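Q: what follows is a predicted structure for the sequence shown.
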Amino acid sequence: MMPEPLPMRVASALVSGDEATPKLVETAVRQALARAGLRSAGSVLLFLTPEFSRQAQEAVTAAVRAASCLQVAGGIAAGVFTEDGWALDRPAAAVMVFGEGMAFAPVDEEREQAVAGGAPTLLCYGSEPGSRPRQSARRFGGSFAGKPGASALVWQAGRVSAAPHCALAVGGPRVDLRVSSGLSLLGPATIVDAASGNELVALGGQSPLASLRGVLPAEWHELPLHRLAAVLIDDAIGGDTHAALGSGLYREVAIVAVNADGSLTLADPVERGQRLAWAIRTPDSSTSDMQAALGRLAADSSTASAALMFSCIGRGPYFYGGEDCDLALFSRYFPGLPLLGVYASTQFAWNWEGVNRSLRNSVVVALLSAEGKKHVQSVA
């Protein structure tokens with residue numbers, strides 16, 4: 001017989017103000033403790049807006065004292081949010097406190113596989129990582145660089161770290177993970193006929209520009225490059241482009257420039273023989289994709305106690321015209337569930353094969369559930 005799940009005492013709080021002070025952080029922590037019915041915490045996740053950059057250690061120390069807990073981790077993000085709302089362009093602290101049944105254990109990157117023991121790892125970067133996430137453990141999280149004035153600061157074990165990242169093994173709960181890319185495919189994948197580094201030269205027997213215009217409405221004389229993307233499809237999924245997108249077996253590549261000869265300059269190199277599809281990201285496609293991802297997550301995780309969410313700064317209120325539709329959808333599917341989230345420049349998640357990926361313009365949602373036996377749900 002499976003043991004009964006341990007109850008998870010967890011809660012979040014979001015506090016904003018006119019000034020970035022340690023007192024504001026202390027208030028957020030005390031609110032979260034009160035909501036969780038805790039006098040002290042076993043672990044604390046704390047994310048702060050860029051206004052706290054100059055006194056980050058003082059703010060973290062305030063959280064340590066308020067929670068009576070040394071295990072405080074997090075970083076400076078462009079913006080923060082909880083189930084209660086979001087904060088951008090003003091001082092704010094978002095915190096989540098955990099009691100029994102949950103722990104975030106610091107991980108030494110060089111010994112990650114041995115220390116983590118197979119547990120998924122929450123990864124927080126203060127700056128853009130120089131390489132893709134390591135494959136020694138399943139990782140999720142985000143990189144918070146990308147906004148002017150946002151310092152590359154992270155903290156772990158109650159101290160601002162000299163390293164640009166912190167890694168935490170998630171101990172105790174089951175972690176169910178889903179990703180919303182927000183992309184809508186414009187057609188099936190075709191074969192890259194010719195390429196040179198980042199230059200896409202020929203695609204499916206025609207110029208890349210002709211291929212792209214062929215799947216767009218004729219009245220679109222000006223290409224919305226900021227919303228269009230090339231999607232490189234993993235051969236492991238076979239010929240099903242939509243299945244590849246849903247399973248995470250793809251790599252999104254931004255279109256940098258349109259050239260006079262009909263070739264396209266991409267943000268990453270592309271090779272002859274790869275399969276490439278065109279896709280677009282709009283507010284409508286993003287909300288539809290987020291709704292589908294949350295629907296699958298809700299069906300798989302009926303016992304969630306809390307959630308973590310890493311949203312691209314390009315998928316928050318700036319994208320949706322002053323409101324965060326992704327956050328609103330989360331609240332609709334999981335009303336009242338404690339949530340801690342940040343707006344990140346890069347997101348990390350594993351796909352259904354367990355391979356770690358770096359993502360852009362996406363939303364990563366992780367549900368934490370008390371379980372007798374740890375189970376990690378693959379992305380789909």
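A: Cool, got the structure.

Q: in this protein, where is pLDDT below threshold?
A: Counting by pLDDT under 70, the chain contains low-confidence ranges at 1-7, 101, 109-118, 129-136, 145-151, 235-239, 371-380.

Q: tell me the secondary structure at the spatially most central residue of it.
A: Nearest residue to the geometric centre of the chain (CA atoms, centre = their mean): Phe310, 3.1 Å. Counting by DSSP: H, G, I helix; E, B strand; the rest coil, the backbone at Phe310 sits in strand.

Q: the one 10 residues further on now?
A: The assignment at Tyr320 comes out as coil when based on three-state DSSP.

Q: can you verify my assumption that it contacts Pro283?
A: Yes. Under the criterion of CB atoms under 8 Å, Tyr320 makes contact with Pro283 at 5.7 Å. The way it works is simple: take the backbone N, C-alpha and C, and place the C-beta from them, glycine included.

Q: what sits opposite the residue lying closest to the residue nearest to the centre of the chain once chain neighbours are set aside in the beta ladder?
A: In this structure, Phe310 finds its nearest non-sequential neighbour in Gly142, 3.9 Å apart by CB to CB, 6 or more residues apart in numbering. In this entry, Gly142 is beta-bridged to Cys124, Gln347, by DSSP bridges.

Q: ok, how many other residues are close to Gly142?
A: When neighbours are defined as other CB atoms under 10 Å, Gly142 has 31 of them.

Q: repeat that for Trp352.
A: Count around Trp352 with other CB under 10 Å applied: 15.

Q: dihedrals phi and psi, it?
A: phi -70, psi -10 (degrees, to the nearest 10).

Q: could you do Gly126 as well?
A: Per degrees, to the nearest 10, the backbone of Gly126 is at phi -80, psi -20.

Q: give the contact list for it.
A: Contacts for Gly126 (CB atoms under 8 Å, 6 or more residues apart in numbering) come out as 75-76, 143-145, 151-154, 161, 164-165.

Q: could you list which of the residues you listed belong to strands?
A: 75-76, 143, 154, 165 (DSSP state E).

Q: by neighbours, which of those wins?
A: Gly75 (31 neighbours).

Q: locate Ala56 within the secondary structure: which element?
A: Assessed by DSSP states H and E, Ala56 sits inside helix 56-67.

Q: neighbours around the residue lying closest to Arg281 once chain neighbours are set aside, how many?
A: Of all residues not flanking Arg281 in the chain, Gly182 sits nearest, at 4.7 Å (CB to CB, 6+ apart). Gly182: 29 surrounding residues under other CB under 10 Å.

Q: now do the one 3 residues further on
A: Under the neighbour criterion other CB under 10 Å, Leu185 is assigned a count of 19.

Q: try Ala267
A: Applying other CB under 10 Å, we find 13 other residues in the vicinity of Ala267.

Q: mind listing what the closest residue to it other than its chain neighbours touches?
A: The shortest distance from Ala267 to any non-neighbouring residue, by CB to CB, 6+ apart, is to Ala254 (4.1 Å). Taking CB under 8 Å, 6+ apart, we find Ala254 in contact with 225, 229-230, 266-267, 360.

Q: on the three-state scheme, Ala254 is what?
A: Assignment for Ala254 (three-state DSSP): strand.

Q: next secondary structure element downstream of the helix or strand hosting Ala328?
A: Ala328 belongs to helix 325-333 when elements are defined using DSSP H and E. Following helix 325-333 in sequence order, the next helix or strand is strand 339-344 (DSSP H and E).

Q: need the contact list for Gly141.
A: Counting by CB under 8 Å, 6+ apart, Gly141 has contacts 121-125, 310, 347-348, 364.

Q: kindly recompute the last result at 6 Å.
A: Contacts for Gly141 (CB atoms under 6 Å, 6 or more residues apart in numbering) come out as 122-124, 348.

Q: got it, and Ala260?
A: With CB under 6 Å, 6+ apart, Ala260 has no contacts at all.

Q: mind doing that once more with 10 Å?
A: Contact analysis of Ala260 by CB atoms under 10 Å, 6 or more residues apart in numbering lists Leu209.

Q: surely it is within a helix?
A: No. According to three-state DSSP, Ala260 belongs to no helix; its state is coil.

Q: give me the distance between it and Leu209.
A: 10 Å (CB to CB, to the nearest Å).

Q: kindly report the same for Val29.
A: Taken as CB to CB, the span from Val29 to Leu209 is 54 Å.

Q: more crowded one of these two?
A: Val29 (27 against 18).

Q: quick one: that one is in a helix?
A: Yes. When three-state DSSP is applied, Val29 is found to be in a helix.

Q: now do it against Thr82, distance only.
A: 13 Å.

Q: likewise for Ala62?
A: 18 Å.

Q: of the two, which one has the most company?
A: Neighbours of Ala62 and Thr82, each counted by other CB under 10 Å, are more numerous for Thr82; the result is 26 against 23.

Q: so what's Ser161 up against?
A: Ser161 touches 73, 75, 106, 124, 126, 153-155, counting by CB under 10 Å, 6+ apart.

Q: could you pull out the helices for the chain?
A: 22-36, 56-67, 112-116, 208-213, 241-247, 283-300, 325-333 (DSSP state H).
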